[in-house]
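K.L.:
coords please:
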Amino acid sequence: MRRACLALALAALLAFAGCSSLAPRTDAPETPEEPPVFRSVTVDNYDNQSHTVEVVVLHEGEVVHWTTRRVAGKEEDETRGTVVHGATVDPPEIANTTRRYTVLVRLDNRSSGERYDLPADRLSECYSVGAVIRDGELDGPVVRHWNDDVYDYCSDPTTDADRR
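P.N.:
The predicted model follows:
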């Protein structure tokens, strides 16, 4: 009886305090006023051996860009230290656009790859998405946020209306 009264008192205290952790959260993440600007897809190779990567960019389920690149393995250089090679995909069809994309990356012609479909609340005003290769496997997504005020990488973006 004493435990039941204690539990009831604790529940009443939490209800009156307005801090019930069992209550569902109603505050959804804010959607940015301006749609984020997509800059590019990058794949960096931290392995010692070369790899082939396939990058497919989709918009609303349709292929916008598809490319295959060979990425050299990392190297040790006496003057520059460790050099990590990568592939950047930024064709005019996707670079500096405000469209929502899904990025697929496949490593070494394997039967499956990684799918990156990022929600808008995880993106800054100007961003790139990509992956890294470590120990023969893809890791990601890696989202790079660009400060457009400093670098001017994503100025004057193309909107969906411009593409029609």
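K.L.:
where does this structure have low pLDDT?
P.N.:
Scanning the chain for pLDDT under 70 picks out 1-33, 148-153, 156-164.
K.L.:
Would you map the helices across the protein?
P.N.:
Listed in chain order, the helices found in the chain under DSSP state H are 2-17, 148-151.
K.L.:
now the end-to-end length of stretch 101-113.
P.N.:
Criterion CA to CA, to the nearest Å; first-to-last residue distance in stretch 101-113 is 16 Å.
K.L.:
residues in contact with it?
P.N.:
Contacts with stretch 101-113, where a contact means CB atoms under 8 Å, 6 or more residues apart in numbering, come from 38, 41, 43, 51-59, 64, 94, 114-117, 129-131, 133, 136-138, 140-141. Every residue, glycine included, has its C-beta placed from N, CA and C.
K.L.:
Of those residues, which belong to strands?
P.N.:
Per DSSP state E, strands hold the following members of these: 38, 41, 43, 51-59, 64, 114-116, 129-131, 133, 137-138, 140-141.
K.L.:
among the residues you listed, which ones are buried?
P.N.:
Buried residues within the ones in strands among the contacts of stretch 101-113, defined by neighbour count using 16 or more other CB atoms under 10 Å: 38, 41, 43, 51, 53-59, 64, 116, 129-131, 133, 138, 140-141.
K.L.:
Kindly state the beta-bridge partners for the closest residue to residue 71 other than its chain neighbours.
P.N.:
Of all residues not flanking residue 71 in the chain, residue 45 sits nearest, at 4.4 Å (CB to CB, 6 or more residues apart in numbering). As for beta bridges, residue 45 partners with residue 85, residue 133 under DSSP bridges.
K.L.:
State the distance from residue 45 to residue 90.
P.N.:
18 Å (CB to CB, to the nearest Å).
K.L.:
Tell me the spacing between residue 86 and residue 127.
P.N.:
Taken as CB to CB, the span from residue 86 to residue 127 is 17 Å.
K.L.:
again with residue 143
P.N.:
6 Å.
K.L.:
do residue 121 as well
P.N.:
Distance of residue 121 to residue 127, given as CB to CB: 12 Å.
K.L.:
Tell me which of those two has more neighbours.
P.N.:
Using other CB atoms under 10 Å as the criterion, residue 121 and residue 127 rank with residue 127 on top: 19 against 11.
K.L.:
Confirm for me that that one is in contact with residue 40.
P.N.:
No - when contacts are counted by CB atoms under 8 Å, residue 127 is not listed as touching residue 40 (9.2 Å).
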